[in-house]
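Undergrad: Sequence plus predicted model, see below.
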Amino acid sequence: MSHAVSKIHSAAVIGAGTMGRGIVMSLVNAGLPVHWLDNNPQMLEQARQAVADTYAHNVRQGRIDEQEAAARRARIQPVGDYAALAEVDLVIEAVYENLELKQQIFRQLDAVLKPEAILASNTSALDIDAIAAVTGRPEQVLGLHFFSPAHIMKLLEVVRGAKTAPAVLDTCLELGQRIGKVAVVAGNCHGFIGNRMLHTYVREARMMLLEGAFPHQVDAALQGFGFAMGPFRMYDVVGIDLEWRARELAGEGQDADEVQVDNRLCALGRFGQKTGMGYYRYAEGSRQAEHDPEVDALVQQVSEQLGYGRRDVGPEEILERCLLALVNEGAKILEEGIAANSQDIDRVYLNGYGFPADKGGPMAWADSQGLPAIRERLVHLQQRFGEHWRPAALIERLAAAGKGFAEAKEVAA
């Protein structure tokens, strides 16, 4: 039985990077006092200044008044060591994606925090159970995966570890609501719900570059469908170098064909919007993505070096492969119980990944197409491109029963 707090009255955030800043703002904006810790005091000071600048900007825009801005700033308490966190109800760790580092932090937290405190990691893909295992309170450990920028994006994936107590999940879902998030419970697997599906979607987008498409064509097709932005535009916004560095750190994945274009862009220092050049180019200080023929030339060169025969890849194929990759992976996530139902998957995609609202999310879109048709299209892709397109067992079952994902609960395995 877990003896965790049942309501969060105070919190702490570890890490003063972009995510840490956004999470601190999410909490203090909702009235929660926050202790903020980073092992680099200078970085913490810069982060505090950046948060103050954001509030000043909000005041100038008339979103909040100076009194509210002052109250929010006053709720942030920078601290110098773990001992200062002893009495908080919840700690959210938001350091970079490195399992050993996170485990080390959780050991220290477990040692100093009051027994009823809840420990959360903002990891976007790492194993929550491996993090929980280094503490003496695994039932009070879970993932709280915020999306960047965390004080603006609505989605919060609440990741349930194998031992996370139901009461702890409930407390964190309630907190999610309090800070204005759409909170969705996800099981623990690599990438949880959102990033696990995204992985299959971007893999198709990248493969199509090698087969004959150009980044602006892929993005145009998906934006035409209604996505807020296509995958390559998205990578420019978040930074192409993030995954590249993660692959370097992990020492794996750098040799796969589909990441060679990214690797070349990163080798040229084209990390995206922040460097003024990525898949697109950006005029000084502008966020306007401009088509860059140099990137097309680079894509062509990489695909020829890898031995691909380029062909015309039309918008229909781009949509087909990107959307069906999402749907098939979503079906596996449902099948494995990583998501409770197809509506939760759709909520993740509508609130965290810019899926067009009028289409209702990838699973609702698939239901509107009819699963027999979806199954047939997957089989066709499987024959053409290989085993990774094999329809998920759940799709086979639902299509045969004439049902959709929304009714998945009623169709037994």
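TA: The structure has been received and is ready for your questions.
Undergrad: so who does Ala84 touch?
TA: His35, Leu37 (Cβ atoms under 8 Å, 6 or more residues apart in numbering). The C-beta positions use only the backbone N, C-alpha and C, and glycine is treated the same way.
Undergrad: rerun that using 10 Å as the cut-off
TA: For Ala84, the contact set (Cβ atoms under 10 Å, 6 or more residues apart in numbering) comprises Ala12, His35, Trp36, Leu37, Gln77, Pro78, Val112.
Undergrad: Looking at the residues you listed, which two lie furthest apart in space?
TA: By the measure Cβ to Cβ, Pro78 and Val112 form the most distant pair in the contacts of Ala84, at 17.1 Å.
Undergrad: and which of the contacts of Ala84 is nearest Ser121?
TA: For the contacts of Ala84, the nearest to Ser121 is Ala12 (13.0 Å; Cβ to Cβ).
Undergrad: quick one on the thing from earlier: including secondary structure, could the contacts of Ala84 go into a markdown table?
TA: Below are the contacts of Ala84 laid out as a markdown table (DSSP: H, G, I helix; E, B strand; the rest coil):
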| residue | secondary structure |
| --- | --- |
| Ala12 | strand |
| His35 | strand |
| Trp36 | strand |
| Leu37 | strand |
| Gln77 | strand |
| Pro78 | strand |
| Val112 | helix |
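Undergrad: all strands for the protein, in order.
TA: 11-14, 34-37, 76-79, 90-93, 118-121, 141-146, 155-160, 182-187 (DSSP state E).
Undergrad: what's the domain layout of this protein?
TA: Per automatic domain parsing, the structural domains of the chain span 11-187, 209-305, 315-410.
Undergrad: Minimum distance to Tyr201: which of the ones you listed has it?
TA: domain 315-410 (5.1 Å).
Undergrad: on that earlier part again, what subset of the contacts of Ala84 is buried?
TA: For these, a burial check counting by 16 or more other Cβ atoms under 10 Å picks out Ala12, His35, Trp36, Leu37, Pro78.
Undergrad: can you list those residues in CSV and add pLDDT and distance to Ala339?
TA: Listed next are those as CSV, based on pLDDT from 0 to 100; distance: Cβ to Cβ, whole Å:
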residue, pLDDT, distance to Ala339
Ala12, 98, 29
His35, 98, 33
Trp36, 98, 32
Leu37, 98, 33
Pro78, 97, 37
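Undergrad: re earlier: among the domains of the chain, which is nearest Arg196?
TA: Closest among these, using Cβ to Cβ: domain 315-410, at 6.4 Å.
Undergrad: mean confidence score for the closest one?
TA: For domain 315-410, mean pLDDT is 96.
Undergrad: follow-up on the earlier one: just give me the closest of the buried ones among the contacts of Ala84 to Lys102.
TA: For the buried ones among the contacts of Ala84, the nearest to Lys102 is Leu37 (14.2 Å; Cβ to Cβ).
Undergrad: That closest one contacts Ile76, doesn't it?
TA: No. Between Leu37 and Ile76 there is no contact under Cβ atoms under 10 Å: 11.5 Å.
Undergrad: contacting residues for Val202?
TA: Counting by Cβ under 10 Å, 6+ apart, Val202 has contacts Asn195, Pro231, Phe232, Met234, Tyr235, Glu243, Glu258, Val259, Asp262, Cys322, Ala325.
Undergrad: okay, who's weakest in those by pLDDT?
TA: Scoring the contacts of Val202 by pLDDT puts Glu243 last, at 89.
Undergrad: What's the local residue count around it?
TA: 17 (other Cβ atoms under 10 Å).
Undergrad: mind listing what the nearest residue to Leu32 once chain neighbours are set aside touches?
TA: With sequence-adjacent residues excluded and distances taken as Cβ to Cβ, 6 or more residues apart in numbering, Leu32 is closest to Ala11, at 5.5 Å. Ala11 is in contact with 23-24, 26-28, 32-36, 75, 85, 88-92, 117-118, 120, 175, 179, counting by Cβ under 10 Å, 6+ apart.
Undergrad: 6 Å instead, please
TA: The contact partners of Ala11, by Cβ atoms under 6 Å, 6 or more residues apart in numbering, come to Leu27, Leu32, Val34, Val88, Leu90.
Undergrad: Could I get the contacts of Val202 in JSON lines, plus columns for distance to Arg270?
TA: Shown next, in JSON lines, are the contacts of Val202 (distance: Cβ to Cβ, whole Å):
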{"residue": "Asn195", "distance to Arg270": "23"}
{"residue": "Pro231", "distance to Arg270": "16"}
{"residue": "Phe232", "distance to Arg270": "12"}
{"residue": "Met234", "distance to Arg270": "15"}
{"residue": "Tyr235", "distance to Arg270": "11"}
{"residue": "Glu243", "distance to Arg270": "14"}
{"residue": "Glu258", "distance to Arg270": "17"}
{"residue": "Val259", "distance to Arg270": "14"}
{"residue": "Asp262", "distance to Arg270": "10"}
{"residue": "Cys322", "distance to Arg270": "23"}
{"residue": "Ala325", "distance to Arg270": "25"}
